[in-house]
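**Q** Turn this into a structure:
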Amino acid sequence: MRIFGITAATLTVCLTLAFQNSWSAELLPEGSAAPSFRLQDQNNKWHSIEDYKGKWVVLYFYPKDDTPGCTTEACNFRDDILSFRKMGVHILGVSTDDVESHQAFSEKHNLPFPLLADTTGEVSATYAGFKLLGLLKLANRKTYLIGPDGTIAKRYDTVDPDKHSTQIMDDLKGLM
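**A** Numbering: from 1, shown residues only. Coordinates of the predicted model:
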């Protein structure tokens, strides 16, 4: 089949590349200032990166509430929360799901940290970029460890939900 003289397969590839490129975040390098944001959590409380000045922050981006990998990652952060708190580290999860979805996910799994609703996708685009899953646009799984000075101390481009919480704690011990 041809659309405007272009095969459907060629058009699909071109559109996919165009959308992927426009939804990809430029890599935020370690040492750069963490971009500002203001988002609501599952309890309708507003959070900005400036609220955490002087503190360590794990800012993790995940595709979708209550999916297998995202649940594993969130529950591992939950299970390790006392260790993070002893180190003075705050955990913030971000996805494009809305406040209500975050509230249900948080309650179902007893998550003791904020899940931020980036419903416009602006913050996710800045920090994590997007991936295409059919017609769905989902935030990439990516994490930033932000230091007390507000700069990115470490960026995690590849995340294994089973080991990520432990990996971050190990890295923190070397950075603090």
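
**Q** Disregarding flanking residues, what is the spatial nearest neighbour of the residue nearest the centre of the chain?
**A** The residue lying closest to the centre of the chain (C-alpha atoms, centre = their mean) is residue 61, at 0.8 Å. Closest residue to residue 61 apart from its sequence neighbours, by C-beta to C-beta, 6 or more residues apart in numbering: residue 128 at 3.9 Å. Placement of C-beta: from N, CA and C, glycine included.

**Q** and the gap between the one you found and residue 59?
**A** 9 Å (C-beta to C-beta, to the nearest Å).

**Q** between those two, what contacts are shared?
**A** Taking C-beta atoms under 8 Å, 6 or more residues apart in numbering as the contact rule, residue 128 and residue 59 both touch residue 94.

**Q** Quick check: residue 43 touching residue 107?
**A** No - if you go by C-beta atoms under 8 Å, residue 43 and residue 107 don't touch, sitting 10.4 Å apart.

**Q** Mutual contacts of the two, please.
**A** By C-beta under 8 Å, 6+ apart, no residue touches both residue 43 and residue 107.

**Q** Helices of the chain, start to end?
**A** In the chain, the helices defined using DSSP state H lie at 8-22, 68-79, 81-86, 99-109, 122-127, 164-175.

**Q** model confidence over the longest one, on average?
**A** Looking back up the chat, that one is helix 8-22. What helix 8-22 shows for mean pLDDT is 41.

**Q** Same check on the second one?
**A** Confidence over helix 68-79 (mean pLDDT, whole number) is 96.

**Q** what angle sits between it and helix 164-175?
**A** 50 degrees (axes from the mean of the first three to the mean of the last three C-alpha atoms, to 10 degrees).

**Q** Would you indicate which residues of helix 68-79 are buried?
**A** By neighbour count on 16 or more other C-beta atoms under 10 Å, the buried set for helix 68-79 is 69, 70, 71, 72, 73, 74, 76, 77, 78.

**Q** do stretch 101-117 as well
**A** 101, 102, 103, 105, 106, 111, 113, 114, 115, 116, 117.

**Q** give me the number of residues near the residue nearest to the last one when sequence neighbours are not counted?
**A** Nearest residue to residue 117, sequence neighbours excluded (C-beta to C-beta, 6+ apart): residue 99, at 4.7 Å. Using other C-beta atoms under 10 Å, residue 99 has 18 other residues around it.
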